[in-house]
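Colleague: whatever this is, show me its structure:
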Amino acid sequence: MEQTETAGQIRPTTKSKKILYWSSTGLLSAMMLMGAIGYFTSPEMQQNFVRLGLPDYFRIELGAAKILGVLALLIPQLSKFKEWAYAGFSITLISAVIAHISIGDPVSVTIAPVIALILLLTSYFNQVPTRSINK
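Modeller: Below you'll find the predicted structure:
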């Protein structure tokens, strides 16, 4: 990774930040999109919502919200909704970890939302500004 040194601090270059941003955002988006599709198509996923004690309509709402969040992250014209997508994904992923732990799911099940949360944080903190506040 390319780095520059400023006042004794090593900082990643803009190119490095872009690579980190798009890599993490792409992987996060793929995970969210696959999950959303599973919410609509997988009987196993539907059973998991029942096992977690969640109502069926929540599965549909969450699937739709994930698709909208992915669009907000990937389509530059929707950048004003990006913060909402990050917030929504954060709440969803933290809630997923808590839910899986609370019903005693194994680490192999709980790890997916943890990985997605790490990708989300990497994406969020490596954003390269796309517009100025004064526009």
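Colleague: what comes up buried for stretch 121-128?
Modeller: Buried residues in stretch 121-128, counted by 16 or more other CB atoms under 10 Å: 122-124, 126-127. Quick note: C-beta positions are derived from backbone N, CA and C, even for glycine.
Colleague: mean confidence score for that stretch?
Modeller: Mean per-residue pLDDT for stretch 121-128: 91.
Colleague: name the residues that touch that stretch?
Modeller: Outside of stretch 121-128, the residues within contact range by CB atoms under 8 Å, 6 or more residues apart in numbering are 12, 14, 17-18, 20-21, 24-25, 28, 73, 82, 86.
Colleague: stretch 84-102: how far from the chain's middle?
Modeller: 9 Å (CA atoms, centre = their mean, to the nearest Å).
Colleague: which residues are contacting that stretch?
Modeller: 28, 32, 52, 54, 62, 65-66, 68-70, 72-73, 109-110, 113-114, 116-117, 120, 123-124.
Colleague: burial check on residue 16, number of neighbours?
Modeller: 15 (other CB atoms under 10 Å).
Colleague: so where do the strands sit in the protein?
Modeller: Taking DSSP state E as the test, the strands found in the chain are 3-6, 9-12.
Colleague: just the CA trace of stretch 33-53, in PDB.
Modeller: Only the C-alpha atoms of stretch 33-53 are listed here, as PDB (Å, rounded to 0.1, in the frame of the first residue of the first chain):
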ATOM      1  CA  LEU A  33     -27.300  -8.400  -1.600                       C
ATOM      2  CA  MET A  34     -26.900 -12.100  -1.200                       C
ATOM      3  CA  GLY A  35     -28.500 -11.900   2.200                       C
ATOM      4  CA  ALA A  36     -31.400  -9.900   0.800                       C
ATOM      5  CA  ILE A  37     -32.000 -12.300  -2.100                       C
ATOM      6  CA  GLY A  38     -31.900 -15.200   0.500                       C
ATOM      7  CA  TYR A  39     -34.600 -13.400   2.600                       C
ATOM      8  CA  PHE A  40     -36.900 -13.500  -0.400                       C
ATOM      9  CA  THR A  41     -36.100 -16.900  -1.900                       C
ATOM     10  CA  SER A  42     -34.700 -19.300   0.800                       C
ATOM     11  CA  PRO A  43     -37.100 -21.300   3.000                       C
ATOM     12  CA  GLU A  44     -34.100 -21.900   5.300                       C
ATOM     13  CA  MET A  45     -33.700 -18.200   5.800                       C
ATOM     14  CA  GLN A  46     -37.400 -17.800   6.500                       C
ATOM     15  CA  GLN A  47     -37.000 -20.500   9.200                       C
ATOM     16  CA  ASN A  48     -34.100 -18.700  10.700                       C
ATOM     17  CA  PHE A  49     -36.200 -15.600  11.200                       C
ATOM     18  CA  VAL A  50     -38.900 -17.800  12.900                       C
ATOM     19  CA  ARG A  51     -36.200 -19.400  15.100                       C
ATOM     20  CA  LEU A  52     -35.000 -15.900  16.100                       C
ATOM     21  CA  GLY A  53     -38.500 -15.000  17.000                       C
END
